[in-house]
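# My questions concern the predicted model and sequence given below.
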Amino acid sequence: MEKIRRDLGNGASEVGDSIFAIWPCFRGALVEVVMGVGCGSVTIWGNLIETVINNRREAGQIDLSIVGGGGVAVTGGGAAVMGGLLVYVVEETGRWVGEKGGLGKKNGEEDDQKRRRFIEGFLTLEEIDEVEYGLEIPKPERANKKERPSKTTESRKRKRAKKKEIRSKTTKSQETKQKEGVDGSSGRAKAGSEEKVDEETKKVKKPKKRKKKKQKTKKKEEKQSEGSEKPAAGGTSDFKEDIIGDSVDEADYYAWNELRLHPLLMESIFRLRFKTPTPIQKACIPPAAHQGKDVIGAAETGSGKTLAFGLPILQRLLEEQEKDNNLVAEKGEAVEKIAPRSLLRALIITPTRELALQVSNHLKEVAKGTNTRVVPIVGGMSTEKQERLLQERPEIVVGTPGRLWELMSGGEIHLIELHSLSFFVLDEADRMIENGHFRELQSIIDILPMTSGSDEGHPQNTQNCTTVASFQRKKRQTFVFSATLALSADFRQKLKRGSLKSKQSMNDELNSIETLSERAGMKANAAIVDLTNETIVADKLEETFIECREEDKDAYLYYILSVHGHGRTMVFCTSIAALRHTSSLLCILGINVWTLHAQMQQRARLKVCNSCWCL
Ligand SMILES: Nc1ncnc2c1ncn2[C@@H]1O[C@H](COP(=O)(O)OP(=O)(O)OP(=O)(O)O)[C@@H](O)[C@H]1O
């Protein structure tokens with residue numbers, strides 16, 4: 001066996017770059033990486049290289065063994081031995097394997113140049129032309145995880161053939177199940193190649209569309225037939241046993257008692273296993289749900305703000321439904337005619353599409369078992385489809401300013417019949433006023449009927465929209481939620497005096513939460529709940545700062561993810577290019593990566609969000 005020593009460079013990052021770059025070349029070859037002694041980041045690099053090589057070996061993608069060099073184990077373990085970290089690639093087959101600054105010339109000069117470029121440049125995945133190099137980037141194996149769409153035509157063909165086989169063999173219901181499986185796998189976006197995934201998903205999904213439609217119709221029919229069996233608001237139901245399955249000890253949820261929520265909402269809370277209300281929920285629900293007050297709420301991200309406004313909305317809608325039902329029962333049909341049915345009762349506005357969907361999904365989950373419908377209206381999705389959803393007249397709409405205003409100014413009837421609007425919510429208000437992007441938000445606020453105490457009862461004509469006369473105007477509550485809050489000491493006085501409403505102020509942009517709140521109709525007796533702390537950092541987060549060289553950043557990231565990254569991790573990058581680099585790298589290293597950035601199509605962005613929520 002001819003052993004050729006290849007010095008892959010000095011220092012962790014050089015070695016790392018070389019190893020990353022030449023991995024694909026190792027495929028099929030029997031090589032040894034012999035670690036030399038090291039210092040400094042030897043622990044990181046030792047762990048990194050060992051983990052990666054072991055993963056690859058287990059996946060059968062690489063046949064490398066690690067041999068401690070210079071008497072120091074590859075894992076380093078903090079060995080403080082002076083000297084650079086050296087890696088020797090020992091080739092068994094006699095074929096060129098890889099090197100830094102290279103001498104290899106087994107296959108002619110041209111090939112060598114390509115390889116050298118390949119190694120020295122540390123190309124990103126997008127830059128590597130697999131065909132040119134005759135390489136196939138190894139696909140990390142994921143135990144117990146759904147397979148991601150493969151890049152190669154061969155595997156695509158295999159997939160298609162498999163699907164065909166499944167379709168022909170299975171019965172209708174089995175087929176549906178199988179398809180769901182495939183669907184799941186196609187949802188896995190491959191890092192740095194969202195567009196490809198999108199195309200691929202299209203291909204995989206196309207034949208399913210009809211099936212899906214059929215399923216939808218079937219579901220709809222089932223729903224309709226179930227309609228009469230749905231628990232009426234406030235009525236007792238066997239919902240708990242149905243959904244919960246295993247029993248819930250209500251005593252564990254005693255902390256919710258003081259919030260006096262409707263039994264159907266408590267059923268949802270049991271189902272979601274939310275044992276105690278979060279501080280922001282505890283502070284906001286009583287004034288909002290039982291005193292009918294407006295609320296300005298601020299708390300760190302992830303503190304449960306959605307339900308801090310969501311539960312009061314659902315509580316009031318359920319109470320009203322109960323009252324209506326009782327009146328109908330007492331006085332007969334006549335009352336039903338004047339009770340507002342299927343009108344927009346709550347309009348929730350968020351600064352981003354993803355947040356709107358997150359909020360909408362969260363509320364849907366809690367509203368399960370009630371008759372309340374929640375619909376998201378966001379940009380980047382089919383307007384026609386959203387108009388169809390609105391034709392069903394949902395009580396709660398969660399949307400982003402742009403698409404909402406587009407539909408409102410186009411005369412979408414459900415969105416401009418605002419006389420029965422009982423809740424107007426601005427979520428993440430601090431982000432809503434950032435960059436002054438939200439001209440549409442201003443337009444939406446302008447067409448809201450005045451809240452009680454102003455010119456109640458008078459219909460308004462504003463711009464393209466006309467709000468209809470109210471026969472049963474509800475007192476509207478305004479909720480403004482944010483992760484940060486800076487209110488002036490005399491904010492309440494300003495609200496009382498209406499100074500923020502002055503002519504001068506009306507011409508100002510919505511550039512502060514104070515102005516935004518006041519314009520949205522916030523009343524002076526609003527409950528102000530500020531649970532932010534000075535550091536802004538969420539309590540559950542621990543911040544750590546690692547000082548490192550630019551070229552070591554990737555190694556640290558991989559190390560942190562490998563050693564500490566159990567569960568989900570979010571990695572923020574400064575640019576889309578940086579995101580592509582990092583995600584490609586992590587993908588090569590066998591980490592399940594999803595990317596999300598502004599240049600992705602909305603459909604792909606939503607798919608990523610949905611998949612991440614489902615993890
Ligand atoms: N009482 C509760 N007990 C346990 N988990 C809860 C409770 N209320 C909400 N959650 C969960 O906490 C998570 C964060 O909630 P939510 O999204 O409402 O926070 P948020 O403050 O709005 O965060 P962000 O500002 O990031 O939108 C969600 O997954 C939600 O299901």
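Alright, I've got the coordinates.

# Please make it C-alpha for all contacts and neighbour counts, starting now.
Will do.

# so where's the stretch 51-200 of the chain shaky on pLDDT?
51-57, 59-200 (pLDDT under 70).

# what comes up buried for stretch 325-334?
Neighbour-count burial for stretch 325-334, counted by 16 or more other CA atoms under 10 Å, picks out N325, L327, V328.

# SS state for the second one?
At L327 the chain is in helix, as set by DSSP: H, G, I helix; E, B strand; the rest coil.

# Let's see the pLDDT reported for it.
If you check L327, the pLDDT there is 77.

# what do you get for F438?
With respect to pLDDT, F438 scores 68.

# Can you show me the helices along the stretch 201-350 of the chain?
Counting by DSSP state H, counting those that start in this stretch, the stretch 201-350 of the chain has helices at residues 208-227, 239-244, 263-272, 279-285, 305-331, 333-338.

# burial count for the closest residue to L407 other than its chain neighbours?
Nearest residue to L407, sequence neighbours excluded (CA to CA, 6 or more residues apart in numbering): L415, at 7.5 Å. Neighbour count of L415, defined by other CA atoms under 10 Å: 23.

# I'd say L415 and W405 touch.
No - counting by CA atoms under 8 Å, L415 stays clear of W405, with 9.1 Å between them.

# Could you verify that V359 is part of a helix?
Yes - under three-state DSSP, V359 sits within a helix.

# Report the contact partners of it.
For V359, the contacting residues are T306, V398, by CA atoms under 8 Å, 6 or more residues apart in numbering.

# right, and the secondary structure at V480 would be what?
From three-state DSSP, the assignment for V480 is strand.

# The ligand contacts on this structure?
By CA under 6 Å from any ligand atom, the residues of the chain that approach the ligand are F274, K275, T276, P277, T278, T301, G302, S303, G304, K305, T306, L307.

# go again using 5 Å as the cut-off
F274, P277, T278, T301, G302, S303, G304, K305, T306 (CA under 5 Å from any ligand atom).

# want to throw the buried residues of stretch 325-334 into TSV with distance to F572?
Shown next, in TSV, are those (distance: CA to CA, whole Å):
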residue	distance to F572
N325	50
L327	54
V328	55
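
# And those, which is closest to the ligand?
The closest of these to the ligand turns out to be N325 (CA to the nearest ligand atom; 29.7 Å).

# Relative to E319, how far out is that closest one?
The gap separating N325 from E319 is 10 Å, by CA to CA, to the nearest Å.

# what does I576 give?
In terms of CA to CA, I576 sits 48 Å off from E319.

# if we can go back for a sec, which among the residues of the chain next to the ligand count as buried?
Looks like the residues of the chain next to the ligand have P277, T278, T301, S303, G304, K305, T306 buried, using 16+ other CA under 10 Å.

# which one among those gets closest to E434?
T301 (16.8 Å; CA to CA).

# The closest one touches T484, doesn't it?
No - counting by CA under 8 Å, T301 stays clear of T484, with 9.4 Å between them.

# for the stretch 251-400 of the chain, what are the low-confidence residue spans?
332-341.

# repeat that for 50
338-339 (pLDDT under 50).

# Same question for the stretch 401-550 of the chain.
In the stretch 401-550 of the chain, residues with pLDDT under 50: 453-474, 503-504.

# now the helices: where do they sit in it?
Using DSSP H, counting those that start in this stretch, helices in the stretch 401-550 of the chain cover 401-409, 413-416, 429-432, 439-447, 491-497, 503-507, 513-519.

# Which positions within the fourth one qualify as buried?
In this case it means helix 439-447. Neighbour counts using 16+ other CA under 10 Å place E440, L441, Q442, S443, I444, I445, D446, I447 of helix 439-447 among the buried residues.

# What segments of the protein are strands?
Under the criterion DSSP state E, strands of the chain are mapped to 30-35, 63-67, 87-91, 295-298, 346-349, 374-377, 396-399, 423-426, 461-462, 465-466, 477-482, 527-530.

# The last one pairs with which strands, parallel or anti?
It refers to strand 527-530. Strands that pair with strand 527-530, judged by DSSP bridges, come out as strand 295-298 (parallel).
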